[in-house]
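Colleague: Any chance you can model this:
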Amino acid sequence: MMKFKGAKNLSAGQFDREGMINLFKEALNMEKIVARKGQSDILKGKIMATLFFEPSTRTRFSFETAMLRLGGRVISNADMAQTSSFTKLETLEDTGKVVSQMADVIVMRHPVAGSVGTLAKFSDVPVVNAGDGSAEHPTQALLDLYTIWKNFGRIDGLTIGMVGDLKNSRVQHSQCAMLKHFKVKFVLCAPKGLEMPGKIVEELRGKKLNVQVVNDLKKFVGMVDVLSVSRIQKERFVSEREYKKFAGTFVIDAQLMKFAKKSAIIIHPLPRVDEISVSVDSDKRAKYFEQVKNGVFVRMALLKKIFKG
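Modeller: Numbers count the residues shown, from 1 in each chain. Purely as a prediction, here's the structure:
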């Protein structure tokens, strides 16, 4: 089983099946603590630094809420690209050395794939990846799997559907990296040109997992237990014109959901643009706002394990 305590660079590929299930059970404990007392002092005296070179609402607030509910403190920069010494050409290597002298753990988001790993190599404290380019977003994938696990009581045996910008969605890439440890089937649905990278599909099939590609959205929603939806990632396109070729391509709405299983759930990392209609929000199968709450508990569990094991 993976070791959480003191992990220098927590990324999607490090998580194994047993480690995730144990983390989910710890997240349930965190949920009970919050319901009973609001917070604890498990991490009293610890300081977390959040370094965000890209915009964030849920991830940054979720990590900071998690740390505060555990009794720790937060030092935060939500706009590292504009208000830190990055503007003076300070390197990621030096940033890692500097910030790790002041904090006990670093949470970082950056637009360039691999950047979090670069900083982590020079940090004296654990670093958690909060999203790096189109590469990965491990804690979002963890809370997605936790939401699935809570709703179904299992992950094995489910059919996971992924729809949207599968080429650029770091969340869905991370979901694949974690779901490969379970006995699941995959159904992939994306606009032509935004398909799941072949390397990821090959890796899943190499694990003897069934991966099916479909283009018919109506057929797709009827096949799956979990609809994992992503927006078209505008920030990953070279131009507005290129982005508009794909915007609004696939939309999940109340009419389409008539073809989905009654037991299915819809997950989405948010923010959404137009890929899930607000007409779906009142559907009991929509779990994307529930995911936000789950994210706090999962990140509380993760922070506890980083410090306490």
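
Colleague: surely K185 meets T159?
Modeller: Yes: assessed by CB atoms under 8 Å, K185 is found in contact with T159 at 4.4 Å. Quick note: C-beta positions are derived from backbone N, CA and C, even for glycine.

Colleague: shared neighbours, the two?
Modeller: Shared contacts of K185 and T159 (CB atoms under 8 Å, 6 or more residues apart in numbering): none.

Colleague: mind listing the helices for the chain?
Modeller: 17-37, 58-69, 80-83, 92-99, 115-121, 138-152, 170-179, 198-206, 217-223, 240-244, 288-308 (DSSP state H).

Colleague: Low-confidence regions, the chain specifically.
Modeller: Low-confidence segments of the chain, defined by pLDDT under 70: 1, 6, 85, 88.

Colleague: Residue ranges of each domain in it, please.
Modeller: Taking automatic domain parsing as the reference, the chain has its domains at 9-136+293-302, 138-291.

Colleague: out of the ones you listed, nearest to K308?
Modeller: Checking the domains of the chain against K308 by CB to CB gives domain 9-136+293-302 as the closest, at 7.1 Å.

Colleague: quick one: terminal-to-terminal distance for that closest one?
Modeller: 13 Å (CA to CA, to the nearest Å).

Colleague: about what we covered before: just the helices of the chain: most buried one?
Modeller: helix 170-179 (a mean of 25; mean count of other CB atoms under 10 Å).

Colleague: helices and strands around that one, which ones?
Modeller: Where contact means 3 or more CB pairs under 8 Å, 6 or more residues apart in numbering; DSSP states H and E, helix 170-179 is packed against helix 138-152, strand 159-163, helix 198-206.

Colleague: repeat that for 10 Å
Modeller: helix 17-37, strand 127-132, helix 138-152, strand 159-163, strand 185-189, helix 198-206, strand 226-229 (3 or more CB pairs under 10 Å, 6 or more residues apart in numbering; DSSP states H and E).

Colleague: Can you get me the centre-to-centre distance for that helix and its chain?
Modeller: 8 Å (CA atoms, centre = their mean, to the nearest Å).

Colleague: please begin residue numbering at 40 from this point
Modeller: Noted, 40 is the first residue going forward, which turns the last one into helix 209-218.

Colleague: any idea of the angle it forms with strand 166-171?
Modeller: Angle of helix 209-218 versus strand 166-171, following axes from the mean of the first three to the mean of the last three CA atoms, to 10 degrees, is 130 degrees.

Colleague: so what's D320 closest to, chain neighbours aside?
Modeller: Computed as CB to CB, 6 or more residues apart in numbering, the closest residue to D320 that is not its neighbour in sequence is F328, at 7.8 Å.

Colleague: ok, V73 - contacts?
Modeller: Taking CB atoms under 10 Å, 6 or more residues apart in numbering, we find V73 in contact with S79, T104, A105, R108, K332, V335, F336, M339.

Colleague: A286 too?
Modeller: P230, R270, I271, K273, F276, E279, V312, D313, E314.

Colleague: The second one: what's it in contact with?
Modeller: Contact partners of R270, counting by CB under 10 Å, 6+ apart, are 203-204, 207-208, 286, 307-315.

Colleague: Now stretch 67-83 - C-alpha only, CSV.
Modeller: Taking Å, rounded to 0.1, in the frame of the first residue of the first chain, the C-alpha atoms of stretch 67-83 are listed here in CSV:
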residue,chain,number,x,y,z
LEU,A,67,-15.9,9.3,6.2
ASN,A,68,-14.3,9.9,9.6
MET,A,69,-13.6,13.5,8.7
GLU,A,70,-17.2,13.9,7.6
LYS,A,71,-18.3,12.7,11.0
ILE,A,72,-15.9,15.0,12.8
VAL,A,73,-17.2,18.0,10.9
ALA,A,74,-20.8,17.1,11.5
ARG,A,75,-20.1,16.6,15.3
LYS,A,76,-17.7,19.4,16.1
GLY,A,77,-17.1,21.5,13.1
GLN,A,78,-13.3,21.1,13.3
SER,A,79,-10.5,19.3,15.2
ASP,A,80,-7.0,20.1,16.3
ILE,A,81,-5.3,17.2,14.5
LEU,A,82,-3.0,19.6,12.6
LYS,A,83,-2.7,22.3,15.2
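
Colleague: count of neighbours near Q272?
Modeller: By the other CB atoms under 10 Å criterion, the neighbourhood of Q272 contains 18 residues.

Colleague: And K206, by the same measure?
Modeller: With other CB under 10 Å as criterion, K206 counts 21.

Colleague: Surely it touches Q272?
Modeller: Yes: with contact defined as CB atoms under 10 Å, K206 reaches Q272; the gap is 8.2 Å.

Colleague: Touching both of these two, which residues are there?
Modeller: Joint contacts of K206 and Q272 (CB under 10 Å, 6+ apart) are S173, L233, F285.
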